[in-house]
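[1] I'd like to go over a predicted model; first the sequence, then the structure.
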Amino acid sequence: MTRVHERRTTQILADTLASHPDEHISLDDLLQPLRNRAFGCLLLLLAIPNFIPAPIGIGGVMGSLIVVLGLQLLIGLEQPWIPHRLRQRPLRRAAVRKFLDKTIPVLQRLERMCRPRLEILTRKPASMVTGLMLVLLGVLLALPIPFTNYLFGVLMLAYAIAMIERDGALLLGLWVISGGLIGMAFVFSNIVLAAMARLF
């Protein structure tokens with residue numbers, strides 16, 4: 001018999017939704033079977049809006065939420081803290097089903113590419129490195145930098161899948177990529193500030 005923690009996230013989400021035939025389902029009910037993967041699942045939800053047409057400023061909202069999520073990892077929380085009101089807010093089951101129908105095929109392909117590797121890097125204290133990277137990337141995402149939402153969205157999606165599937169090897173690669181991007185952003189910002197100082 002397959003143990004719960006061995007089942008893929010997409011299968012658990014689909015089964016959870018199928019077991020709640022009511023018109024609405026709360027975020028708490030949706031994530032309950034995924035408590036040991038909740039950080040990754042929440043990050044996945046925050047990454048998706050970066051790939052769809054959205055009002056200007058959505059990057060600032062998503063970036064701020066990613067910073068909050070990263071801070072919780074950084075301080076070593078075992079489970080993400082979500083305000084009770086938000087956890088109990090009813091979600092339309094049809095809307096959640098539509099969301100899953102669109103994203104599950106993509107997620108299943110990503111799941112097939114990942115597997116539990118170097119799992120020590122997915123747990124404390126190594127998970128604090130992931131938290132720090134998410135904080136810094138969330139800050140960059142929140143800044144009004146043109147044409148970066150998709151790039152950061154891909155990174156967030158990769159982090160989410162790596163965390164969900166406990167793929168420490170993928171996380172290690174993402175740390176390197178994130179460090180490079182953060183370093184480039186720091187150098188670029190210094191160049192811009194220096195240019196502005198000369199102008200004014």
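    That came through fine. Residues are numbered from 1 along each chain as shown.

[2] Can you list the low-confidence ranges for this structure?
    Confidence mapping of the chain against pLDDT under 70 gives the ranges 1-6, 35-36, 49-59, 145-149, 192.

[3] just the strands in this protein please.
    In the chain, the strands defined using DSSP state E lie at 24-26, 90-92.

[4] Name the residues of the first one that are buried.
    Neighbour counts using 16 or more other Cβ atoms under 10 Å place I25 of strand 24-26 among the buried residues. Just so you know, the C-beta spots here come from the backbone N, C-alpha and C atoms, and that holds for glycine as well.

[5] quick one: the longest helix seen in the chain to chain centroid distance?
    In terms of residue count, the longest helix belonging to the chain (DSSP state H) is helix 168-199. Once both centres are worked out by Cα atoms, centre = their mean, to the nearest Å, helix 168-199 turns out to sit 20 Å from its chain's centre.

[6] helices and strands around it, which ones?
    Applying 3 or more Cβ pairs under 8 Å, 6 or more residues apart in numbering; DSSP states H and E, we find helix 168-199 packed against helix 127-142, helix 149-164.

[7] what residue is smack in the middle of the protein?
    Here the mean C-alpha position of the chain is nearest to the C-alpha of L43 (Cα atoms, centre = their mean), at a distance of 1.9 Å.

[8] Kindly provide the distance from that residue to M184.
    L43 sits at a distance of 22 Å from M184 (criterion: Cβ to Cβ, to the nearest Å).

[9] Test my guess that T103 contacts I48.
    Yes: with contact defined as Cβ atoms under 8 Å, T103 and I48 form a contacting pair (6.6 Å).

[10] D29 reaches H20, doesn't it?
    Yes: under the contact definition of Cβ under 8 Å, D29 touches H20, with a separation of 6.2 Å.

[11] More neighbours: which of those two?
    A count of neighbours by other Cβ atoms under 10 Å puts D29 above the other of D29 and H20, at 18 against 14.
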